[in-house]
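In: no FASTA, just this:
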């Protein structure tokens, strides 16, 4: 299966603008749209859904911990019941608005600290999978592609959840396959390194970690971040490289 291109969008809020959604949407296949807990508001959500429909882009819910001030990048201690509730609340919000716009939410991709906690904490991951499994209709869950994908598939199959595995164009990888913390100076790639990582993923299905180790990753979708200006500047070239890899 060819690699799709996704971006986290709809992250403006009130008078505050984040990213350039209109410039990005013509180049992506999937839009992971904020649901109001870390960013986004009803008007931003509606506008982003309309734009996604115009560009025939698949839509995903992008839920987070309730952390507007911290942009969802701070972990919040929640039990499983609370995680399931906050997931259902946010998915349902975008699901209903998308249905009203004549489109359907196809997947769920947690945001920020909730995503990171999902990848390293089995209890959080189990609660998120339970939330997806118990939603009123089937919906896929997007998780990070790591060398431990087989174990994640086993966990998902036990819950009856279908996974999409995601790689990152603009983020540096640690040796264990996780993303290097944003607090580290080399966490976000320069334009040159980002394009090289995209080329490596397309040609070889691998990434080079911070220490120079090579990791094999089997990905369904490649993420670029709309809040990263290098990624925005390079998105047309990234799109072209993915198209070229499909034609080989």
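Out: Nice, I can see it. These figures come from a predicted structure and were not determined experimentally. Residues are numbered from 1 along each chain as shown.
In: Could I get the phi/psi values of the residue nearest the centre of the chain?
Out: In the chain, the C-alpha nearest the mean C-alpha coordinate belongs to residue 109, at 5.0 Å (C-alpha atoms, centre = their mean). Main-chain torsions, residue 109, degrees, to the nearest 10: phi -130, psi 110.
In: That one and residue 59 touch, don't they?
Out: No - look at residue 109 against residue 59 with C-beta atoms under 8 Å: they stay out of range, at 10.8 Å. From N, CA and C alone the C-beta is placed, and that goes for glycine too.
In: Does residue 224 belong to a helix, a strand or coil?
Out: At residue 224 the chain is in strand, as set by DSSP: H, G, I helix; E, B strand; the rest coil.
In: I figured it hits residue 171, correct?
Out: No - Residue 224 is not in contact with residue 171 according to C-beta under 8 Å; the separation is 9.8 Å.
In: got the buried residues for the helix or strand of the chain at the bottom of the mean pLDDT ranking?
Out: Ranked by mean pLDDT, DSSP states H and E, the weakest helix or strand in the chain is helix 229-247, scoring a mean of 81. For helix 229-247, a neighbour-count test (16 or more other C-beta atoms under 10 Å) marks 230-232, 234-235, 238-239, 241-242 as buried.
In: What are the contacting residues of it?
Out: For helix 229-247, the surrounding residues in contact (C-beta atoms under 8 Å, 6 or more residues apart in numbering) are 2-3, 5, 7, 19-20, 23-24, 27-28, 169-170, 188-191, 194-195, 198-199, 202-203, 222, 224-226.
In: about what we covered before: list the contacts of the residue nearest to the centre of the chain.
Out: By C-beta under 8 Å, 6+ apart, residue 109 lies in contact with 6, 8, 32, 60-62, 115, 141-142, 166.
In: farthest pair in the residues you listed?
Out: 8 and 141 (15.5 Å; C-beta to C-beta).
In: Any stretches of the protein with poor pLDDT?
Out: For the chain, the stretches with pLDDT under 70 are 1, 227-228, 247-248.
In: That one: helices as residue ranges?
Out: For the chain, the helices defined by DSSP state H cover 21-24, 42-54, 80-100, 112-120, 122-134, 149-159, 191-204, 229-247.
In: TSV for the ones you listed, including distance to residue 73?
Out: As requested, the helices of the chain are arranged in TSV below (distance: least, C-beta to C-beta, whole Å):
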stretch	distance to residue 73
helix 21-24	20
helix 42-54	19
helix 80-100	16
helix 112-120	5
helix 122-134	15
helix 149-159	23
helix 191-204	20
helix 229-247	17
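In: Residue 2 - how many residues pack around it?
Out: Residue 2 has 11 neighbours, counted by other C-beta atoms under 10 Å.
In: Please report the distance of the spatially closest residue to it that is not a sequence neighbour from residue 225.
Out: Excluding the flanking residues, the one nearest residue 2 by C-beta to C-beta, 6 or more residues apart in numbering is residue 246, at 4.4 Å. Per C-beta to C-beta, to the nearest Å, residue 246 is found 22 Å from residue 225.
In: Check residue 135 too.
Out: For residue 135, the distance to residue 225 equals 26 Å [C-beta to C-beta].
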